[in-house]
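Trainee: Sequence first, then the predicted structure, then my questions.
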Amino acid sequence: MSDSRRLRIAVQKSGRLSKDSIELLNAIGIKLNIRDRLLIAHSTNEDIDLLRVRDDDIPGLVMDGVVDMGFIGENELEEKMLERAAAGKPADYEVLRRMDYGGCRLSIAVPNEMDYANIETLQGKKVATTYPFLLERYFKEQNVNAQAVMLTGSVEVAPRAGVADAICDLVSTGATLEANGLVEKDVIFRSKAVLIKRTGEMPAAKRELLERLVPRIDGVMQAKE
Ligand code: ATP
Ligand code: ZN
């Protein structure tokens, strides 16, 4: 384990949240020495270490107290929270700030040719998704008896492949759906990136550092408005 006096922040290594998260850390004055292949990046001017991981791992790292903070999409955070709560694992965290990037929606989409009236059309059907807990919660709220089929990738080809009748996937422009002969029907979750923090005790120096960072984030976000 590395030095527990240094504030540990988890960011997505490479993907849709990486660039904006790193840019934000730079904008609040944290100098980072990032080397592409390395998991850890040290700040050269603050007691901060960056942990660069897959976004799927970030909620668990925060909830297990392995890192102090993390930048993560609300969709992934909420899914992992539900998954861990169902497995009886600790699922606590605190949202420090909602960011102005990473916007997307988790939507149900169906093949063009499906005669879709409303969510009840999916009664008894299979829906492919990477977010089975969010989807099943939605089905329950809507009193629909449908089955979530978990796929970690290529969700949009599932109906054509005969694996599912419909999908529930992240959408921003809708171009991917259209290219696969699918139409967006119901938005089940709207998401942005958030900065989260672990719960529990923290050494005073670390807490003070964290308390200095958050107002700087507010400053950067206000300047962009
Ligand atoms: P990793 O390799 O880290 O697991 P990934 O493929 O799961 O990456 P990305 O596609 O980089 O993840 O998306 C990360 C997050 O970015 C999503 O969980 C979501 O919160 C956000 N996001 C914003 N716009 C979109 C979009 N159009 N499609 C998918 N995710 C989006
Ligand atoms: Zn991921």
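Mentor: Right, received. Where do you want to start? Ligands and ions are numbered 1, 2, ... in the order given.

Trainee: of all the residues in the protein, which ones are close to ligand 1?
Mentor: Residues of the chain lying near ligand 1 by CB under 6 Å from any ligand atom: 12, 15-17, 54-56, 73, 75-76, 102, 104, 170, 172, 191. Glycine gets a C-beta too; all of them are placed from N, C-alpha and C.

Trainee: which stretches of this structure have low pLDDT?
Mentor: Applying pLDDT under 70 to the chain flags the ranges 1-3.

Trainee: Need the single longest helix in it, by residues.
Mentor: helix 204-224 (DSSP state H).

Trainee: and residue 119, how many neighbours does it have?
Mentor: 18 (other CB atoms under 10 Å).

Trainee: which one is it nearest to, not counting chain neighbours?
Mentor: Nearest residue to residue 119 in three dimensions, chain neighbours excluded: residue 142, at 4.9 Å (CB to CB, 6 or more residues apart in numbering).

Trainee: Let me see the contact set for residue 18.
Mentor: 11-12 (CB atoms under 8 Å, 6 or more residues apart in numbering).

Trainee: correction: residue 72
Mentor: Residue 72 touches 10, 12, 17, 55, 58-59, 62, 193-194, 196, counting by CB under 8 Å, 6+ apart.

Trainee: so how far is residue 7 from it?
Mentor: 17 Å (CB to CB, to the nearest Å).

Trainee: same thing with residue 186?
Mentor: 40 Å.
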